[in-house]
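Undergrad: any chance you can model this:
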Amino acid sequence: MENLQEKIDLVIKGKKYEVTFPNVGQLRKIASNKALLSNGMYRSIYTMATEEGDQALKVIDVEAIFSVLIPDLITELKPGSIGDLGLKDFKEIEKVYDEQFTPWFDAWMKVLKS
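TA: Below is the predicted model:
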């Protein structure tokens, strides 16, 4: 835990966002967002194990998490939500999510589980 950074800087669409690991209330909000964005079907989509389902879950995860941890990103997006982005714009956000955010977030989640 000593080596984990509490904050991480992410550059998305040319703008830097400082992200802090969520507090307990934010973790709860993220989980609620996943349920809302999937119309309560998150687990069902996961168990489908299809490429479309996996991509849908990625979009849900990104929007659920970033809307809580980076609300400015959501308000600054042209369509106003991650779900309304075109593929090219989403792929840019997804790359930051996969390569920078997820390793940092997952390391913190391991600490919470221990």
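Undergrad: quick one: low-confidence ranges for the protein?
TA: By pLDDT under 70, the low-scoring segments of the chain are 1-2.
Undergrad: and the helix ranked longest in the chain, what's buried?
TA: Longest helix in the chain by number of residues (criterion: DSSP state H): helix 51-69. Residues 56-57, 59-69 are the ones in helix 51-69 that count as buried (16 or more other CB atoms under 10 Å). Using the backbone N, CA and C atoms, a C-beta is placed for each residue, glycine as well.
Undergrad: also stretch 89-108?
TA: Residues of stretch 89-108 classed as buried by neighbour count (16+ other CB under 10 Å): 89, 90, 93, 94, 96, 97, 100, 101, 104, 105, 108.
Undergrad: give me the distance between the two termini of it.
TA: Terminal residues of stretch 89-108 lie 27 Å apart, using CA to CA, to the nearest Å.
Undergrad: stretch 5-20 too?
TA: Chord length of stretch 5-20, first to last residue, is 9 Å (CA to CA).
Undergrad: between the buried residues of helix 51-69, which is nearest residue 37?
TA: Nearest to residue 37 among those is residue 60, at 4.6 Å by CB to CB.
Undergrad: which residue packs closest to the closest one, ignoring adjacent ones?
TA: residue 37 (4.6 Å; CB to CB, 6 or more residues apart in numbering).
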